[in-house]
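# Give the three-dimensional model of this entry:
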Amino acid sequence: MKSLLWLVLALGVLVNAVSSLVFDGVHQTVVSVITGIAVVVSITGLVLARERHS
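Sure, this is the predicted structure:
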């Protein structure tokens, strides 16, 4: 599960960076919003899934 979340996080960041070069206008905004949501969900999942050391 963690591997999938890391993959989503990495791909989201990569696609978001490339989208500003490839897309324009509304398409770029839509791709940025979708990848931003995916990155936030992935980070949330990683934080909730981490092992706690006490």
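
# Chain neighbours aside, what residue packs nearest to N16?
T35 (4.2 Å; C-beta to C-beta, 6 or more residues apart in numbering). Every residue, glycine included, has its C-beta placed from N, CA and C.

# List the buried residues for the helix or strand that contains S20?
Using DSSP states H and E, S20 sits in helix 2-22. By 16 or more other C-beta atoms under 10 Å, the buried positions in helix 2-22 come out as L5, V8, L9, G12, V15, N16, S19.

# Max pairwise distance over these: which two?
By the measure C-beta to C-beta, L5 and S19 form the most distant pair in the buried residues of helix 2-22, at 20.7 Å.

# picking up where we left off before, which strands and helices lie in contact with the helix or strand containing the residue nearest to N16?
In this assignment (DSSP H and E), T35 forms part of helix 26-49. Judged by 3 or more C-beta pairs under 8 Å, 6 or more residues apart in numbering; DSSP states H and E, helix 26-49 is in contact with helix 2-22.

# The helix it packs on vs helix 26-49, what angle?
Orientation check (axes from the mean of the first three to the mean of the last three C-alpha atoms, to 10 degrees): helix 2-22 against helix 26-49 gives 160 degrees.

# who touches helix 2-22?
28, 31-32, 35-36, 38-39, 41-43, 45-46, 49 (C-beta atoms under 8 Å, 6 or more residues apart in numbering).

# which one of those sits closest to M1?
Nearest to M1 out of these is A49 (C-beta to C-beta; 6.5 Å).

# with the buried residues of helix 2-22 in mind, which one is nearest to H53?
Distances from H53 to the buried residues of helix 2-22, taken as C-beta to C-beta, are shortest for L5 (19.5 Å).

# where does that closest one sit relative to S42, distance-wise?
5 Å (C-beta to C-beta, to the nearest Å).

# Local confidence estimate at the residue positioned nearest the centre of the chain?
Nearest to the mean C-alpha position of the chain, by C-alpha atoms, centre = their mean, lies V39 at 2.3 Å. As predicted, V39 sits at a pLDDT of 96.

# before we move on, what about M1?
At M1, the predicted lDDT confidence score is 87.

# ok, now the one 3 residues further on?
You'll see L4 listed with a pLDDT of 94.
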